[in-house]
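Undergrad: Model the structure of this input:
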Amino acid sequence: MKKNPQVAIVMGSDSDLEVMSEAAKVLDELSLSYEIAVLSTHRVAEETSDFAKSAKQKGFKVLIAGAGGAAALPGSIASLTILPVIGVPILTKSMEGLDSLLSIAQMPPGVPVATVGINGAKNAGILAAQIIATSDSLVERKLSEYKSKQKKEVLLKNKKLHQIGWLKYLKEKGQ
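TA: All right, here's what the predicted structure looks like:
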């Protein structure tokens with residue numbers, strides 16, 4: 001756990017950690033504090049409820065919740081807090097994550113969950129930073145630098161592609 005976390009990253013199972021770690025990586029790059037937890041609406045309902053109800057008082061500003069299958073965790077948390085919740089649908093074997101995506105995106109009126117793509121934890125981290133940046137100029141600056149870096153990387157790749165051609169480019173990438 002980091003000091004004074006602004007973002008909580010929660011997941012329904014430790015098997016989701018590999019996907020959800022992408023949110024942590026982006027938050028690290030942006031120097032945003034966060035906490036990671038494994039909670040389950042179905043298996044530890046009381047603890048999950050306590051977490052959601054106390055998140056604002058603990059200083060969190062945004063909650064990122066990842067879940068697969070029935071994917072109840074993001075909606076469950078959103079129903080118990082006024083903080084913004086970003087849902088990350090986790091890829092599943094049975095429906096390739098479509099079940100997770102629909103479970104998170106199709107929330108009833110009054111219980112919104114911002115939903116990113118399947119296994120889209122990186123985007124969830126960026127979106128959390130964008131939400132915080134609306135009232136924090138330091139985060140805004142770091143986010144702006146992050147996006148500038150992304151732009152430069154894409155432009156360099158484009159330049160290289162045009163210089164060496166697509167076939168050589170693919171070979172260099174190992175494809």
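Undergrad: Quick one: residues contacting residue 66.
TA: 9-12, 16, 19-20, 73-74, 87-90, 121, 124 (C-beta atoms under 8 Å, 6 or more residues apart in numbering). Bear in mind the C-beta positions are built from the backbone N, C-alpha and C, glycine included.
Undergrad: Just give me the closest of these to residue 47.
TA: If you rank the contacts of residue 66 by distance to residue 47 using C-beta to C-beta, residue 10 comes first, at 10.7 Å.
Undergrad: quick one on the thing from earlier: so which of the contacts of residue 66 wins on neighbours?
TA: residue 88 (34 neighbours; other C-beta atoms under 10 Å).
Undergrad: before we move on, what SS does it have?
TA: Of the three states, residue 88 takes strand under DSSP: H, G, I helix; E, B strand; the rest coil.
Undergrad: does it have beta-bridge partners, and which?
TA: Note on residue 88: beta-bridge partners by DSSP bridges are residue 66.
Undergrad: Now stretch 85-105 - C-alpha only, PDB.
TA: Coordinates of each C-alpha in stretch 85-105 appear next as PDB, following Å, rounded to 0.1, in the frame of the first residue of the first chain:
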ATOM      1  CA  VAL A  85     -16.000   3.900 -10.400                       C
ATOM      2  CA  ILE A  86     -14.300   2.600 -13.500                       C
ATOM      3  CA  GLY A  87     -15.100  -1.000 -14.400                       C
ATOM      4  CA  VAL A  88     -12.600  -3.200 -16.200                       C
ATOM      5  CA  PRO A  89     -14.200  -6.300 -17.800                       C
ATOM      6  CA  ILE A  90     -11.800  -9.200 -17.500                       C
ATOM      7  CA  LEU A  91     -11.400 -11.700 -20.400                       C
ATOM      8  CA  THR A  92     -13.200 -15.000 -19.700                       C
ATOM      9  CA  LYS A  93     -13.000 -18.400 -21.300                       C
ATOM     10  CA  SER A  94     -16.700 -18.900 -21.800                       C
ATOM     11  CA  MET A  95     -17.600 -15.700 -23.600                       C
ATOM     12  CA  GLU A  96     -14.200 -14.100 -24.300                       C
ATOM     13  CA  GLY A  97     -15.100 -11.300 -21.800                       C
ATOM     14  CA  LEU A  98     -18.300 -10.300 -23.400                       C
ATOM     15  CA  ASP A  99     -20.200 -11.400 -20.400                       C
ATOM     16  CA  SER A 100     -18.000  -9.300 -18.200                       C
ATOM     17  CA  LEU A 101     -18.300  -6.300 -20.500                       C
ATOM     18  CA  LEU A 102     -22.100  -6.400 -20.600                       C
ATOM     19  CA  SER A 103     -22.400  -7.000 -16.800                       C
ATOM     20  CA  ILE A 104     -20.400  -3.900 -16.100                       C
ATOM     21  CA  ALA A 105     -21.600  -1.600 -18.900                       C
END
